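>>> Requesting a structural model of the entry that follows:
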Amino acid sequence: MYARFFKPTLDVFLSLILLIVALPLIVGLTVLLATFNNGEVFFVQPRVGKNLCVFKLYKFKTMNERRDERGELLPDEKRLTKLGKIVRRLSLDELPQLINVVKQDMSLIGPRPLLVDYLPYYSDRQLRRHEVKPGISGWAQVNGRNLVDWATRFELDVWYVDHISFSLDLRILLRTFTKVFSGDGISADGHATMPTFISYVNNLKSKDKK
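Alright, predicted model coming up:
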């Protein structure tokens, strides 16, 4: 009952309030990012949502488009701008996702929406994370964020799917504010965020062959 009816209504209501309250901050960030990023403010990317439906995720742009001699994008940690580091440190890059919540692509709380490219690499159990809407924050985010490995992260996501409730969402929401202010778990060692799931899977396969 909560997940099907109450949660979506609460998501939209709270997101609209947050958008109104954060409007001066959003406008200020838009001006700053437009100035420092040569007019590029938003990062838009297809992500996978509930029931494997693909939607466009909105974030503030924190990286430039620097490429190597082969025309390929440099690693994330080399493209993260100085302003982007501050925006990401405070998790302000996530603010535009409130629009995704209002559009009902996402929820305030749920498994993080991941890349479409990851779909062929999931196990059947890991695919269960898509039984609910993805969230701006989630159980995995308040239990290690980018410091936990992918297997643990997905187990936390599936655990959330099996235990979703109002009290759990409230608990995650409160812990999210603590994580934001502390800055814990923003990046894994040597990465702007964390290694890709594909590289994680390929690394496991290479270890199995040895």
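
>>> element containing the residue nearest the centre of the chain, please.
Taking C-alpha atoms, centre = their mean, the centroid of the chain lies closest to Arg112, which sits 4.7 Å from it. Taking DSSP states H and E as the definition, Arg112 sits outside all helices and strands.

>>> mind listing what it touches?
By C-beta atoms under 8 Å, 6 or more residues apart in numbering, the contact list for Arg112 reads Pro134, Gly135, Gly138, Ala140, Gln141. Where C-beta positions appear, they are placed from N, C-alpha and C, glycine not excepted.

>>> In PyMOL, how would I select the buried members of those?
Selecting in PyMOL just the buried members of these, where the criterion is 16 or more other C-beta atoms under 10 Å, is done with this command:
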select buried, resi 134+135+138+140+141
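
>>> can you redo the contacts of Arg112 as JSON lines with distance to Ala151 and pLDDT?
JSON lines is the format used below for the contacts of Arg112 (distance: C-beta to C-beta, whole Å; pLDDT from 0 to 100):
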{"residue": "Pro134", "distance to Ala151": "19", "pLDDT": "98"}
{"residue": "Gly135", "distance to Ala151": "20", "pLDDT": "98"}
{"residue": "Gly138", "distance to Ala151": "16", "pLDDT": "96"}
{"residue": "Ala140", "distance to Ala151": "11", "pLDDT": "94"}
{"residue": "Gln141", "distance to Ala151": "16", "pLDDT": "92"}
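
>>> now, which of the contacts of Arg112 sits nearest Leu16?
For these, the residue nearest Leu16 by C-beta to C-beta is Gly135; the value is 16.7 Å.

>>> Which strand residues bridge the closest one?
With DSSP bridges applied, the residues forming beta bridges to Gly135 are Ser107.

>>> Could you shift the numbering so residue one becomes 30, and keep it that way?
I'll keep to 30 as the first residue from here, and by that count the last item is Gly164.

>>> tell me, how many neighbours does Val190 end up with?
Close neighbours of Val190, defined as other C-beta atoms under 10 Å, add up to 16.

>>> Okay, and it sits in which element?
Element membership of Val190 [criterion: DSSP H and E] is helix 179-192.

>>> buried ones in that helix?
For helix 179-192, burial by neighbour count (16+ other C-beta under 10 Å) applies to Trp179, Arg182, Phe183, Glu184, Leu185, Asp186, Val187, Tyr189, Val190.

>>> same check, this time on stretch 155-165
Judged by neighbour count using 16+ other C-beta under 10 Å, the buried positions of stretch 155-165 are Gln155, Arg157, Arg158, His159, Glu160, Val161, Lys162, Pro163, Gly164, Ile165.

>>> mind putting those residues in TSV, distance to Ala32 included?
TSV is the format used below for the buried residues of stretch 155-165 (distance: C-beta to C-beta, whole Å):
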residue	distance to Ala32
Gln155	20
Arg157	14
Arg158	14
His159	14
Glu160	10
Val161	7
Lys162	9
Pro163	14
Gly164	12
Ile165	17
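
>>> Out of these, which is nearest to Arg117?
Closest approach between the buried residues of stretch 155-165 and Arg117, by C-beta to C-beta: Ile165, at 14.1 Å.
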